[in-house]
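# Quick one, what's the 3D model for this:
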Amino acid sequence: MDDEDENHGTGPLLSIGAFARWVGLAPSALRFYDDCDVLRPARVDEATGYRYYDRAQRSRAVALRRLRAAGLPLGEVGVVLDGEPEEARRVLHAHLLRTRDLAETARAAVEEALGALPGGGGRAVAVVGGPELASALRQVAPAVARGAAREEFPVLGNVLIELDGQEVRLVATDRY
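You can find the predicted model right below:
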């Protein structure tokens, strides 16, 4: 690059490819963000149309990448990057609530789909013989809290049942 590629004393401008690698975005994404006026290059070569970026643009580009990775719509990215802090907080909080709702809806749909699969779709099933189960219960029953201790420490009033392959473990402890 020659002297005209210097920008505001921050050093030589970076080509779109070099800047893209540096900030973790694809060159096509940088072109798109330029077209949308979200991240304009520091300089565009008039003869070739080639874009150059200033190193000082890194923080904006990284923030843009993170916001888009979080699913923030492009129209709201500009508000977060360029708006007042209170407006940015409002936009981010609203997006957080939307993503929580979406995640909960997706989780419920996947659990329903798993449940509809043949074989119970992920439900754990264990078959334990009567004598073995009775023996296991006799071993943990004395450790289960009763009365005032159960009132004070409700977790001690429970038995943890762990299924691991073909093994079933019953545990009465506050360590789970």
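
# can you pull out the strands in this protein?
Here the chain has its strands, by DSSP state E, at 14-15, 43-44, 51-53, 160-164, 167-171.

# Low-confidence stretches in the protein?
Applying pLDDT under 70 to the chain flags the ranges 1-10, 119-126, 141-147, 149-160, 164-166, 171-176.

# try it again with 90
The model of the chain has pLDDT under 90 over residues 1-11, 107-108, 110-176.

# ok, now how distant is the most centrally placed residue in it from Arg60?
When Cα atoms, centre = their mean is applied to the chain, the residue found nearest the centroid is Ala70 (7.3 Å). Distance, Ala70 to Arg60, using Cβ to Cβ, to the nearest Å: 16 Å. In short, each C-beta sits where N, CA and C put it, glycine included.

# before we move on, back to that, just say which of the strands of the chain is most tucked in.
strand 51-53 (a mean of 22; mean count of other Cβ atoms under 10 Å).

# Report all helices and strands that that one contacts.
Where contact means 3 or more Cβ pairs under 8 Å, 6 or more residues apart in numbering; DSSP states H and E, strand 51-53 is packed against strand 14-15, helix 16-23, helix 27-35, strand 43-44.

# Identify the residues contacting the first one?
Residues outside strand 14-15 that contact it (Cβ atoms under 8 Å, 6 or more residues apart in numbering) are Trp22, Tyr50, Arg51, Tyr52, Tyr53, Asp54, Arg55.

# Mind doing that once more with 6 Å?
Tyr53 (Cβ atoms under 6 Å, 6 or more residues apart in numbering).

# Packing partners of the lengthiest helix in the chain?
Longest helix in the chain by number of residues (criterion: DSSP state H): helix 85-116. The contact analysis (3 or more Cβ pairs under 6 Å, 6 or more residues apart in numbering; DSSP states H and E) places helix 85-116 against helix 74-82.

# What are the buried residues along the helix it packs on?
By neighbour count on 16 or more other Cβ atoms under 10 Å, the buried set for helix 74-82 is Glu76, Val77, Gly78, Val79, Val80.

# For the residue lying farthest from the centre of the chain, give its distance to Glu86.
Distance from the centre of the chain peaks at Pro131, with 46.3 Å (Cα atoms, centre = their mean). Plainly put, Pro131 is 67 Å away from Glu86 if you go by Cβ to Cβ.

# What is the burial count for Gly129?
When neighbours are counted by other Cβ atoms under 10 Å, Gly129 registers 8.

# Please list all residues in contact with it.
Per Cβ under 6 Å, 6+ apart, neighbours of Gly129: none.

# picking that back up, mind listing what's buried along the longest helix of the chain?
Residues of helix 85-116 classed as buried by neighbour count (16+ other Cβ under 10 Å): Val91, Leu92, His95.
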